[in-house]
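Visitor: next come a sequence and a model predicted from it.
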Amino acid sequence: MIYADNAATTKMSDAAIQTLTGLLKDTYGNPSSLYEFGQKAKEVLEQARRDVAESIGAQPNEIIFTSGGSEADNQAILSAAKMGALKGKKHIISTAFEHHAVLHTLNKLKNEGYEITLLDVHENGLVTPQQVKDAIREDTCLVTIMYANNEIGTIQPIREIGEICRSNNVTFHTDAVQAVGHIKVNVVDDNIDMLSASGHKFHGPKGVGFLYVKKGIKVFNLIEGGAQEKGRRAGTENVPGIAAMATALKESVDALDEYKAKLTPVRDKIIRGLSEIPHSALNGDAESRVPSNINFCFEGIEGESLLLLLDDKGIAASSGSACTSGSLDPSHVLLAIGRIHDVAHGSLRLSLGEDITDDEADYIIKSVKEVVEYLRGFSPVWRDLVAGKKEFIL
Amino acid sequence: MALYSEKVMDHFRNPRNVGVIEDANGIGEVGNAKCGDIMKMYLKIEDDIIQDVKFETFGCGSAIASSSMATELIKGKPVSEARQLTNKAVAEALDGLPDYKMHCSVLAQEAIESALKDYESRQEQK
């Protein structure tokens, strides 16, 4: 079985599992309690905070632990919006292909009277710093742009965007769920005010993530209750999960160079291999891309069938097809980069893990080629394209 | 994958009656690529009996399985019987479909209806 859906979730690392299970067993105290059991848990929590902070170049008191990336996105955006409104600033800039945790939150704000500008991400899946510069207004309170896209893996020019935001005195948040632990992220060098990350995307556990908030930026808690996380996130801390996330993050960040060196050539080999399929196209820029991501559209076929047949061949992948999501529309990301519905339904995302071998890459290429050819064999769309009754798009 | 019944997976993996009938006397195509499903049905009707039926489908697993099952249900049957085919019968024969995939069985019913209609209009023109 080849697991090629690491952008959906990753396998927990052995060290993270060890941290988690060890703490579940022995360190069950409440970090808010004064006695030894509690204080031991508090120490573990604060060590995790230091480790997480260090891995992204932040200070420990700038890290808020959350239930995951979605909560962190919600808290960052809603806080910046609320702060903006206090100053009469109700304009927010983002992109059309953000994760739904961002887009749906922005929609909610739109309904509350905020004005949202969604920047075009072009055919290559990249925004330019100039677009951000041009979109900033007197009443802009927040720019929120993802670090790396979850479907097509494109890496945005975050450092330059951050610089523009800073010089215009606009708060800058980035959803870095697909970036942290996969590429180098440094909140100071990258001029980031707020950053969201999720543990299970870098071999940590599910249900835990964090929000980095630069000192001086105010955030509000989404959940009322106790004074945990300095009053910014109520609820008894998930100490084992947080510590396991910190273990996984440290491991991932320590191995970033190796990760890039190992995965980039495998990724590019698969991209070259799949490009040989006639009337196919890589989605997203080939260069500014996380090392693990491959995303293709194949004309004349539908993505869910492709996934099911790949599953039969022992390959776990994902698709932006409508059929895999239960809605009628295909992936908003693929639509945002200009793929029309007809071809967006025939998409495939492979997100590699660091254990991928060269033989497995060959097997993936061979299998995808076979399945695409097989499905085209009885696709009425493909028949019409080949017969010249319809024009090829790709 | 537990998303679909064994029957759906069987018809998806080994679709029956796939292909084209060159001398078909009833052809129907329904759906559109925008929605992600297109089904094309070819009928060869002689003496009011569906002697042969073949299909081509662009779509998800349940769309392919629904097409396959629908062809099985009408093959060798009188036209009058084929006309009675419902999407429910297709879904039931597949041991059920997930709620949000029921439209695939509707599409299969419509594809056959469309092919029968084409056959009838060709007959009228004779």
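Guide: Received, thanks.
Visitor: contacts and neighbour counts: CA atoms only from here.
Guide: Fine.
Visitor: and the residue nearest to residue B:23 when sequence neighbours are not counted, what's its pLDDT?
Guide: Leaving aside its sequence neighbours, residue B:23 sits nearest to residue B:44 (CA to CA, 6 or more residues apart in numbering or on different chains; 7.3 Å). Per-residue pLDDT puts residue B:44 at 98.
Visitor: which other residues reach the helix or strand in which residue B:44 is found?
Guide: Assigned by DSSP states H and E, residue B:44 belongs to strand B:37-46. Strand B:37-46 has contacts (CA atoms under 8 Å, 6 or more residues apart in numbering or on different chains) with A:302, A:380-381, B:20-21, B:23-32, B:50-60, B:63, B:67, B:104, B:107-108, B:111-112, B:115-116.
Visitor: quickly run through the sheet partners of it, with directions.
Guide: The strands beside strand B:37-46 in its sheet (DSSP bridges) come out as strand B:26-32 (antiparallel), strand B:49-58 (antiparallel).
Visitor: distance from the chain centre to it, please.
Guide: The chain centre lies 7 Å from the centre of strand B:37-46; the measure is CA atoms, centre = their mean, to the nearest Å.
Visitor: so which bits of chain B are right by chain A?
Guide: Proximity of chain B to chain A (CA under 8 Å from any CA of the partner chain) is limited to residues B:1, B:13, B:18-19, B:33-40, B:55-61, B:100.
Visitor: now, of those, which are buried?
Guide: Taking 16 or more other CA atoms under 10 Å in any protein chain shown as the criterion, what is buried in these is B:13, B:18-19, B:33-40, B:55-61.
Visitor: how about the strands in chain A?
Guide: Applying DSSP state E to chain A gives strands spanning A:2-3, A:63-66, A:91-95, A:115-119, A:140-144, A:171-175, A:194-198, A:209-213, A:280-282, A:293-298, A:315-316, A:347-351.
Visitor: which of those sits most buried?
Guide: strand A:194-198 (a mean of 29; mean count of other CA atoms under 10 Å in any protein chain shown).
Visitor: for chain B, what's the longest helix?
Guide: Longest helix in chain B, counting residues (DSSP state H): helix B:102-125.
Visitor: give the buried residues for it.
Guide: Residues of helix B:102-125 classed as buried: B:102-119 (neighbour count, 16+ other CA under 10 Å).
Visitor: for stretch A:310-318, same thing?
Guide: Buried-residue list, stretch A:310-318, by 16+ other CA under 10 Å: A:310, A:311, A:313, A:315, A:316, A:317, A:318.
Visitor: how many residues are close by residue 44?
Guide: Because you didn't say which chain, this covers chain A. For residue A:44, the count of nearby residues is 18 (other CA atoms under 10 Å in any protein chain shown).
Visitor: that's the wrong chain, I meant chain B
Guide: For residue B:44, using other CA under 10 Å, the count is 20.
Visitor: single out the residue in the stretch 101-250 of chain A that lies closest to chain B.
Guide: residue A:151 (19.0 Å; CA to the nearest CA).
Visitor: residue A:333 is in contact with that residue, correct?
Guide: Yes - contact between residue A:151 and residue A:333 holds when scored by CA atoms under 8 Å: they sit 7.0 Å apart.
Visitor: which stretches of chain A have low pLDDT?
Guide: Along chain A, segments meeting pLDDT under 70 span A:323-328.
Visitor: care to break it down by domain?
Guide: A:14-254, A:255-387 (automatic domain parsing).
Visitor: re earlier: who's in contact with the longest helix of chain B?
Guide: In contact with helix B:102-125 (CA under 8 Å, 6+ apart) are residues B:25-31, B:37, B:39-43, B:62-63, B:66-67, B:70, B:79, B:82-83, B:85-88, B:90-91.
Visitor: how about 6 Å then?
Guide: B:25, B:26, B:27, B:28, B:29, B:30, B:63, B:66, B:67, B:86, B:87 (CA atoms under 6 Å, 6 or more residues apart in numbering or on different chains).
Visitor: what distance do you get for the second one to chain A?
Guide: Read it as residue B:26. 16 Å (CA to the nearest CA, to the nearest Å).
Visitor: rewinding a little: what about the residue of the stretch 101-250 of chain A closest to chain B, neighbour count?
Guide: Neighbour tally, residue A:151, other CA under 10 Å: 28.
Visitor: quick one, what contacts the closest residue to chain B within the stretch 1-150 of chain A?
Guide: Using CA to the nearest CA, the single residue of the stretch 1-150 of chain A nearest to chain B is residue A:1, 13.9 Å away. Contact analysis of residue A:1 by CA under 6 Å, 6+ apart lists A:314, A:315.
Visitor: hmm, try it at 8 Å
Guide: A:314, A:315, A:316.
Visitor: how close does it sit to residue A:355?
Guide: 12 Å (CA to CA, to the nearest Å).
Visitor: now residue A:283
Guide: From residue A:283 over to residue A:355 (counting by CA to CA), the distance is 24 Å.
Visitor: these two: which is more packed in?
Guide: Neighbours were counted for residue A:283 and for residue A:355 using other CA under 10 Å; residue A:283 has more, 26 against 12.
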